[in-house]
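Sequence below, structure please.
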Amino acid sequence: MGFVTLSLLRPHCYTPVLALHCISSVSFSVNKAIVFDGAGEEKDDAGYMDVSVCELKHPPPQLSPMPEGLSSQQVVRRLILSSILQSENSYLDSLKRILQEYQKPLLDPQTLIINPKKVRQIFYRLQEIHQCHSMFQIALACRVAEWDYSEKIGDLFVASFSKSMVLNVYSDYINNFTNAMALIKKACMSKPAFLDFLKKKQASSPDRITLYGLMVKPIQRFPQFILLLQDMLKNTPRSHSDRLPLQLALTELETLAEKLNEQKRLADQDTEIQQLVHYGRDRSLNKLLSLDQRQLIQCEVLTEIVYGDKGQVVKSKERKIFLLNDTLICANVNLKGPPDINSLVPVGPKYMVKWCIPLLQTQVVEIGQDSLKCRNSVITARRHSSTSSKVFLGPPRLYHELEELQHDLAVVEEVSLLVGTLHGIYQNLNTTVSQDWCLALQRLIRLKEEEIQNANKCRLRLSVPGKPDKSGRPVSIMVVFNTPSPLSKISWVNRLHLAKIAQRKENTLGWESAEDVGKTKAPFHCPLLTCKLPVLSSGTHTLKLEAALHSPSQSSLLGFCTASTSLPQGYLWVAGQGGNSTLGQVEIFSLNRATPRLVKTVPLRAPVLSLEYVKELCSRTEEKEAEKAQCPPKTGNIICAGLQDGSILVYGSVDTAVQCLLTLVNPDSCPVHCLKHSLSYLFAGLANGKVAVYHKKTGGELWDVDSCRMVALGSEPVSCLLTLQDTVWASCANQVTVIQGANLQTQSFVAHSDPCCNVGHMVRSGGGVWMAFTQSPSIHLFHIETLEALQEVNISTRITHLSPGQVCVSSLLISQGLLWVGTSQGIILTFPVPTLEGIPKITGKGMTSLNAHCGPVDFLVSACSTLASDLLRHNSILSAGEEGDSEAPPSKEEKPSGMLLQYRLHSTCKLPGKLLTAQPELANLRAPPESFEHSPEDGSIYEVSEDPDIWVRGRPLDWGKEGEVRRSKVTSIAIFSGGRGYRRLGQPTSESTYSDSTENTVLVWQVPLTLSQ
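You can find the predicted model right below:
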C-alpha cells in the first residue's frame, strides 16, 4: 500500500479550515485497507488512506511565551492547553513506537518471527488511529499559533472527533484488543524468538513500558481528553466565544467514549462466555451459553469460605462467579502462567465449572434470616464434618453470641430490680451500679449488632439447591463468599435482585427501538418495571393525577440486603383533584422496601395542582455544627403544595408525620399551576399569567408571608417553571421568560414559532434545556447561556404502536443519562443524552416501552437516594465517636488489659455506703476522693475477658481534599410514571396484560445501583 505525503503550508500560516478538511478527507478516500472479521479472516474495507506527515514541515505544536497582562483565567486556560499539547504529543509518540519499533520489524520479510497475517491482526487499526491524531495535531498547531488572539479550541475537537471514521477505527481496535492479547500470549508460548524480541524491546526502552502498556493507551485516550476539556470549561467565562464549542466538544467526546465503552463491555462479555464454553466439559452448559439471548450481567473473582465446627475458617479458595440473565455459575479459576509472559501481557484465565444453578432457585440469605427459609427444606452449610448437634458457623456464631448477650441483659435487669429492694446501703452494690451494668450490656449488644453488620458487608451468603435427602425433601446448601469490598457485596445483591425481576414477562420484552422495528433490547440494560401501584382510588368520585414528588429520607433500620434491593429511600407523594369535588388529596407511600406501601392520606381543602420538594441548602460549617449539636432538623423535609384556590401550603415532613407550617397566598387568589424554589426564593406560576415570588425570612428556612412580589408575563397561564442557579425560567404560551431572582429583571424569547404550541414542560441537564409543547409532537433543545435552539426531535417518528390521532408530549424528565418522554397516548420513550457539563443532545436511538398507560402520562418523577456511608465501611468507629472526639488509637502503654463492663461510672469510690467485699482488709480501704481509678474490688466486679482493640478503634479513614473523608457513593434510582390504567403494547387484549383503564396507576421503574467513589 502506497503512502501519500501531504505537502501543506507551515503551521503559522496553515488555516484551520484546511486542517479540518484534511482530517475529513481521509475518511472519503477510496483506497482499500485490510479488515479482519471476528474469525480473523481478511475482508476489504474502503474508506482509509495512509498518510505520511512530514515532521519538518509540521512539527509538534508549541505555545509561544506567555504575554503580559493576562487574567487569572487566561493563565489557567493556557496551562490546560499546554497539558493538552503534552498529552497529545506523548500519545502520538506511543502510537509511533508501536508502529515503528514493533509492527515494522515484525513485518520485515528478512526477519520473519511470526506470520505477517498474525502481525496485522495484532496491530489492527493502529495505523488509522495514528493518522486521525496526526491530522488532529496539524490543526492543533494552527490553533496554538493563534491562541493569544482567538483562544478557541472546542470546535476543533468537535470537527476532529465527531466523524464516523473515528468511531469506526477505535471500535474495531477495542473489539480486537482481547483477540490481539490472546495472539501475543500464544506467540510468546510457541515462538521463543518472539518472546525474546518483546523482552529486548522493553529493556531498551527508556520508560520500560511493555507492549501491552503501549497498546492499552488508545482505550484510555478519550477519558483523558474529557478530563482536560472539563478543566478548560470550568475556567471559561460564560460570555466567552469558546464556551458553547467546548460544551459541544464534551458532548461529542462523552458520546464517543460511551459508545466505545459499550462495545468494550459487549466484547468482554463475549470473551468471558467463550472462555466458559472453551473450557467447559458439560455439553448442556455449552449449549446453554451458546444461545443468542444469553447475557452476562456481572462476573467477579470471589473467595469461597468453608467453616469448621467452631466457626473457624478451615478452607478458602478463589472462585469466578458469573451472573447471567437466568443462570448463576461458579467456576474454579486458574490464572497461572509462565512468569516471563505474565510480565509482558496478561494471561487469560482457565475455568472449570463447579456448579450451574437457575437464577430463580438462588436466594441471598443474611445472618439471622435462616429461619425465614421454607420449613419444608433442609438447610446445610458447606463445612467439614461435625460431631456437635448445634454448630454456629462464622457469622452465625456472632448471631448466637448476640442472643446470649440479650439473655444476659434480661437477667441483669431482673437483678437490678432485686438490688433495688436491698435494705442496706452499699458503695458497690446499689441501683446506680446495676443500671451501669445494664447500660454496659446494651452497649455490648449494639457493638455485637454492628459486628454482625460488618460481617455482612463483605460476605455474600447464597442458598442454592442441592440434592434431596433420603426422605425426598429438598435440600438447600448455604454457600459463603467473601467479596473484595462492601461495594462489591452491594452490587451483587442488587444485580441478583434485579436479574430476577428482569425474568418477569413484562420485562423480558420490555423495550424496543423504533429505528430497528421488532428489535428488542437486553432487559437488564433498560429500566425494569418493578411493580404497578394503584393510587388515589376512591369509590365516591374520580380523582385526577396532577403531581408527584420524592421526599428523601435515610432509614438506619434497614438491613444491608434490604438497603441494596429497596427503592430509593424516602416517601413518594402523589397529589390529585376530584372531578366533581372541590377537595384535594395527597397519598404518601413509603419506599423503604422493594414495593411501595401506602402509609398516609392527607385530605386538603382544595384540589392540588402542583408539588415542590425544597432541599435545604446549608454551608459545610452549618452542617458540622448541626452534627456536633446532634440536633435533628426542626421541620424535616419541606413540601410545598399549590392549590386551586390560590394558596400554597408549606408542610414539614418527618417520616410519616406531616404538619402544615405555613400558608402563603397570592393577591389575585389565582390557582397555582407550578412551583419551584431557589436558595432564597419560592416561585409560583399562576393561572393569570403572573409569577408570584416569595422571599425567605432572614435567618429562617421558611418564606415571609408578606414578601410576595408579582411578575407579569402574559395573559395565558404560566404552565411550568425551571430554576437555574439564581434565575428561573417561566413559560407563558409559546414564550419563555428568564427572571432574575434578586431584582426580578426579565428577558424573554420565543420557544416555538406556532402561537398555539404552548411550552408545557422544561427539564435541564448540563448546559441545555429540553422543552415540550402542548399541541406539538416535537421537543426542542435550547442552550442555557445563549438561549440558542440546538436540536429538534419529532417523537411521532420515533414511536411504534401509535394509535390513530395526534400524539403530543404530556410529561418530560431527565435522569441518569436518559431523557424520558411521556405521551398523550400513554406510551413512554427514552433517549440517551450526555450526563456531563456538555450539551444534552440526543445522541442515540430512542427506545419505546412496551409497558404503557391507557391514557396520557400525567407525570414522570425520579427518585434518587444515596445509601448511608455506614453501610460501606468495613469496620465500626462507633466507640471512637462515643468515647471522645479523637479517632487516634490508644498507645501500647495505655492499652488496658481487658474490657471493663462500664458505661458511665469511672469508679464507685464516691458512692455512699460501705464497701461490700469478702476481703476484710479492703473493707475499710477507701480511695482518695479525687481519684477516679478503679480499686481492686471494682476490677473484680467489672472486668470481663474481651479485647478492647476490637471496638475501641475503627479502620483508618481515607482522607480526601480539605480534610474530608473520602467515601464511596452508592446511588439508588427509580422512575415513577402516573396515568390511567396499564396495558401492554403489541399484544392482544387480555386480563393479564390490561388493567382497569379508569384506575389511576403508577408504574415503578428501577435501574441498577450506580457505584462511584
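
Could I get the buried residue list for stretch 180-187?
Along stretch 180-187, these residues count as buried under the neighbour rule (16 or more other Cβ atoms under 10 Å): Ala180, Met181, Ala182, Leu183, Ile184, Lys185, Ala187. For glycine as for every other residue, the C-beta is placed from the backbone atoms N, C-alpha and C.

try stretch 478-490
Met478, Val479, Val480, Phe481, Asn482, Thr483, Pro486, Leu487, Ser488, Lys489, Ile490.

neighbours around Ile174, how many?
19 (other Cβ atoms under 10 Å).

I should have written Cys756 there, sorry.
The number of residues packed near Cys756 is 11, by other Cβ under 10 Å.

Can you tell me how far it is from Leu802?
Here Cys756 is placed at a distance of 22 Å from Leu802 (Cβ to Cβ, to the nearest Å).

ditto for Leu439
Distance, Leu439 to Leu802, by Cβ to Cβ: 68 Å.

And the strands in the stretch 101-250 of the chain, which stretches?
Counting by DSSP state E, counting those that start in this stretch, one finds no strands in the stretch 101-250 of the chain.

Redo the buried residues of stretch 478-490 as a markdown table? Include secondary structure, distance to Arg238 and pLDDT.
Formatted as a markdown table, the buried residues of stretch 478-490 follow (DSSP: H, G, I helix; E, B strand; the rest coil; distance: Cβ to Cβ, whole Å; pLDDT from 0 to 100):
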| residue | secondary structure | distance to Arg238 | pLDDT |
| --- | --- | --- | --- |
| Met478 | strand | 59 | 87 |
| Val479 | strand | 57 | 90 |
| Val480 | strand | 56 | 89 |
| Phe481 | strand | 51 | 91 |
| Asn482 | strand | 51 | 88 |
| Thr483 | coil | 45 | 89 |
| Pro486 | helix | 41 | 83 |
| Leu487 | helix | 37 | 85 |
| Ser488 | helix | 42 | 87 |
| Lys489 | helix | 44 | 88 |
| Ile490 | helix | 39 | 87 |
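
From those, pick the one nearest Ala563.
Set against Ala563, the nearest of the buried residues of stretch 478-490 by Cβ to Cβ is Ile490 (8.0 Å).

is it true that that closest one touches Leu1011?
Yes: at 7.4 Å, Ile490 counts as touching Leu1011 under the criterion of Cβ atoms under 8 Å.

Could you pick out the longest helix of the chain?
Across the chain, the longest stretch assigned as helix under DSSP state H is helix 243-279.

Determine the set of other helices and strands touching that helix.
Counting contacts by 3 or more Cβ pairs under 8 Å, 6 or more residues apart in numbering; DSSP states H and E, helix 243-279 packs against helix 154-161, helix 164-190, helix 217-234, helix 283-289, strand 296-307, strand 350-358.

Please identify the most buried of the ones you listed.
By mean neighbour count, with neighbours taken as mean count of other Cβ atoms under 10 Å, helix 154-161 ranks first of the helices and strands packed on helix 243-279 at a mean of 21.

so Val658 sits in a strand?
Yes: using DSSP: H, G, I helix; E, B strand; the rest coil, the assignment for Val658 is a strand.

which residue packs closest to it, ignoring adjacent ones?
Tyr651 (5.4 Å; Cβ to Cβ, 6 or more residues apart in numbering).

Report the beta-bridge partner residues of the one you found.
Ile639, Cys660 (DSSP bridges).

repeat for Phe859
Listed by DSSP bridges, the beta-bridge partners for Phe859 are Gly978.

Use 51 as the first number for this chain going forward.
Right, with 51 as the first residue, what we last looked at is Phe909.

Who are the contact partners of it?
Contact analysis of Phe909 by Cβ atoms under 8 Å, 6 or more residues apart in numbering lists Leu595, Glu596, Ala597, Ala598, Ser861, Gly872, Phe1026, Ser1027, Gly1028.

isn't the first one right up against Gly1029?
Yes: taking Cβ under 8 Å as the contact criterion, Leu595 and Gly1029 are neighbours in contact, 7.0 Å apart.

what is in contact with those two at once?
Common neighbours of Leu595 and Gly1029 are listed as Asp908, Asn1050 (criterion: Cβ under 8 Å, 6+ apart).

Please identify which of the two sits among more neighbours.
The neighbour comparison of Leu595 against Gly1029 (other Cβ under 10 Å) goes to Gly1029, with 26 against 22.

thinking again about what came up before, and the residue nearest to Val708, how many neighbours does it have?
Residue crowding around Tyr701 was assessed by other Cβ under 10 Å; the count is 23.

and if you look at Ser697?
Applying other Cβ under 10 Å, we find 18 residues neighbouring Ser697.

now do Pro109
12.

Could you measure from it over to Ile130?
Taking Cβ to Cβ, one finds Pro109 at 22 Å from Ile130.

and what of Pro618?
37 Å.

dump the residue contacts of Thr713.
Neighbouring residues of Thr713 by Cβ under 8 Å, 6+ apart: Ser697, Ile698, Leu699, Val700, Val755.

Tell me which of the helices and strands packed on helix 293-329 sits nearest to Gly817.
For Gly817, the closest of those is helix 267-284, at 8.8 Å, according to Cβ to Cβ.

What is that closest one packed up against?
On a contact count with 3+ Cβ pairs under 8 Å, 6+ apart, helix 267-284 meets helix 122-147, helix 204-211, helix 214-240, helix 293-329.

try 10 Å this time
Packed against helix 267-284 by the contact rule (3 or more Cβ pairs under 10 Å, 6 or more residues apart in numbering; DSSP states H and E) you find helix 122-147, helix 176-195, helix 204-211, helix 214-240, helix 293-329.

ok and it relative to helix 293-329, angle-wise?
If you take axes from the mean of the first three to the mean of the last three Cα atoms, to 10 degrees, helix 267-284 sits at 150 degrees to helix 293-329.

Let me know the angle separating helix 267-284 from helix 214-240.
Going by the same axes, to 10 degrees, helix 267-284 is angled at 140 degrees with respect to helix 214-240.

so how far is helix 267-284 from its chain's centroid?
Chain-centre distance of helix 267-284: 21 Å, with Cα atoms, centre = their mean, to the nearest Å.

repeat for stretch 131-146
That offset, for stretch 131-146, works out to 32 Å (Cα atoms, centre = their mean).

who are the neighbours in contact with the residue nearest to Val708?
With contact set as Cβ atoms under 10 Å, 6 or more residues apart in numbering, Tyr701 has these partners: 601, 623, 636, 652, 661, 664, 685-691, 707-712.

Go ahead and produce CSV holding the CA coordinates of the helix or strand containing Leu512.
Taking DSSP states H and E as the criterion, Leu512 maps to strand 509-515. Provided in CSV are the C-alpha atoms of strand 509-515 (Å, rounded to 0.1, in the frame of the first residue of the first chain):
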residue,chain,number,x,y,z
ARG,A,509,-19.9,-11.7,53.0
LEU,A,510,-22.3,-13.0,50.4
ARG,A,511,-24.3,-16.0,51.6
LEU,A,512,-26.2,-17.8,48.9
SER,A,513,-28.8,-20.5,49.3
VAL,A,514,-28.6,-22.8,46.3
PRO,A,515,-30.5,-26.1,45.7
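
Can you tell me how far Gly855 is from Asp804?
On the measure of Cβ to Cβ, Gly855 and Asp804 end up 19 Å apart.

Of those two, which one has the most company?
Asp804 (11 against 7).

Confirm for me that the more buried one is in contact with His830.
No: between Asp804 and His830 there is no contact under Cβ atoms under 10 Å: 11.7 Å.

shared neighbours of those two, anything?
Taking Cβ under 10 Å, 6+ apart as the contact rule, Asp804 and His830 both touch Phe823.

Weed out the non-buried ones from the contacts of Tyr701.
Using 16+ other Cβ under 10 Å, the buried ones in the contacts of Tyr701 are 601, 623, 636, 652, 661, 664, 685-691, 708, 711-712.

ok, back up a step: whichever of the contacts of Phe909 end up buried, select them in ChimeraX.
Per 16+ other Cβ under 10 Å, the buried members of those correspond to this ChimeraX selection:
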select :595,596,597,598,861,872,1026,1027,1028
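
out of the contacts of Phe909, who's nearest Val414?
Nearest to Val414 among the contacts of Phe909: Phe1026, at 25.8 Å, using Cβ to Cβ.
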